[in-house]
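>>> below are the sequence and a predicted model; questions follow.
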Amino acid sequence: MTNDPDQIARIEVYLNENLSPARFRHVLGVREVALTLAKRHGVDIAQAELAALLHDCVKELPDDELRGLAKRHGLQVDEHEQQTPGLLHGKVAPFVVAERFGVNDETVFDAMRRHSTGAVEMGSLDQVLFVADFCEPNRTYTAAAEVRELAGHDLEAAVLEVMQFKLRKTLLKKQPVHPDSFHAYNALVDKRIKNRTD
Ligand SMILES: [Fe+2]
Ligand SMILES: [Fe+2]
C-alpha cells in the first residue's frame, strides 16, 4: 500500500510552511532513510512515510502551545516535560495530525511518540523511525553514517547504537536522562543478553 499522493502533498505544504528550512530538509531526509529501511526490513512503507514526515510536525511550536495542546488532549505530562516542553513534541504530534490530516493509525502514532526516547516495547516501525531520525543524510556526525550502514543489516543493533549515543551525549552535557530513554535502553540490553544466552 502507498499513501494518497494528494495527502502527502498537503502534508509537505504544511511542513514547508510550519518548519524552518533546515528542519524541513531533516524531515525529508528522515523519510528517505525510513523508506529505505522499511523496504529492507519488510516494514509497511506507507506507514514509514507518514511517521517520518509527521514526527517533528510540532517541534517548532512555542513551549506554551505545546503545553496547551498536551493539556487540551489530556496528556500526562511528567516533570521533565513540564520543565522542557520541547520533549512533548512527539507525543503531542498525533493529536495535531489526527485533527489536521485525518490520520488515525496508532502504529504510526506510536512511532511518532517514541521517536526521541525509544520505548520498552518497540515495534519495527518504531525502530525504523528512531534510527532514521538519527542517521538521515543531513546529520553530519560520523556516528550517523555508521548507524546508517549498521541499520541496513541489523536494525535492532542500530537502535542500540543510537540509544547509547544519545545517552552518552546527555550524560556529557550533565543533563537528566528521561526515564523513557533509560527504561528503553535497559529493556533492549536485557533482551539482547537474554537472546545471547538462550
Ligand atoms: Fe523529534
Ligand atoms: Fe526528527
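Alright, I've got the coordinates. Ligands and ions are numbered 1, 2, ... in the order given.
>>> right, and the helix or strand after the helix or strand of the chain with the lowest mean pLDDT?
When the helices and strands of the chain are scored by mean pLDDT, DSSP states H and E, helix 79-83 comes last with a mean of 91. Per DSSP states H and E, helix 79-83 leads on to helix 89-101 as the next helix or strand towards the C-terminus.
>>> which strands and helices lie in contact with that following helix?
With contacts taken as 3 or more CB pairs under 8 Å, 6 or more residues apart in numbering; DSSP states H and E, helix 89-101 sits against helix 5-18, helix 45-54, helix 63-72, helix 106-113. Bear in mind the C-beta positions are built from the backbone N, C-alpha and C, glycine included.
>>> how about a cut-off of 10 Å?
helix 5-18, helix 45-54, helix 63-72, helix 79-83, helix 106-113 (3 or more CB pairs under 10 Å, 6 or more residues apart in numbering; DSSP states H and E).
>>> for T140, find the nearest of those.
helix 45-54 (19.2 Å; CB to CB).
>>> mind giving me the packing neighbours of the closest one?
Applying 3+ CB pairs under 10 Å, 6+ apart, one finds that helix 45-54 makes contact with helix 5-18, helix 21-41, helix 89-101, helix 106-113, helix 124-135.
>>> wait, V131 sits on R148?
Yes. The pair V131 / R148 is scored as a contact, 8.3 Å apart, by CB atoms under 10 Å.
>>> out of the two, which sits in the more crowded spot?
V131 (27 against 20; other CB atoms under 10 Å).
>>> ok, the more buried one to P85 distance?
Using CB to CB, to the nearest Å, one obtains 25 Å as the distance from V131 to P85.
>>> for I45, grab the count of nearby residues.
Counted with other CB under 10 Å, the neighbours of I45 add up to 18.
>>> H41: neighbouring residues, count only.
The number of residues packed near H41 is 18, by other CB under 10 Å.
>>> quick one: it from L50, how far?
17 Å.
>>> contacts for the least confident helix or strand of the chain?
66-67, 70, 75, 77, 87-89, 91-92, 117, 175-181 (CB atoms under 10 Å, 6 or more residues apart in numbering).
>>> just the buried ones out of those, please.
Buried members of the contacts of helix 79-83, counted by 16 or more other CB atoms under 10 Å: 66-67, 70, 75, 77, 87-89, 91-92, 117, 178, 180-181.
>>> of the residues you listed, which pair is most distant in space?
Greatest spatial distance among these (CB to CB): R67 and S181, at 21.0 Å.
>>> what does this structure have sitting close to ligand 2?
Neighbours of ligand 2 within the chain, by CB under 5 Å from the ion: 56, 133.
>>> show me the shaky parts of the protein.
Along the chain, no part satisfies pLDDT under 70.
>>> same thing but 90
For the chain, applying pLDDT under 90 flags the ranges 1, 83, 195-198.
>>> nearest residue to the middle of it?
Residue closest to the average C-alpha location in the chain (CA atoms, centre = their mean): H115, at 2.2 Å.
>>> noted, bye for now.
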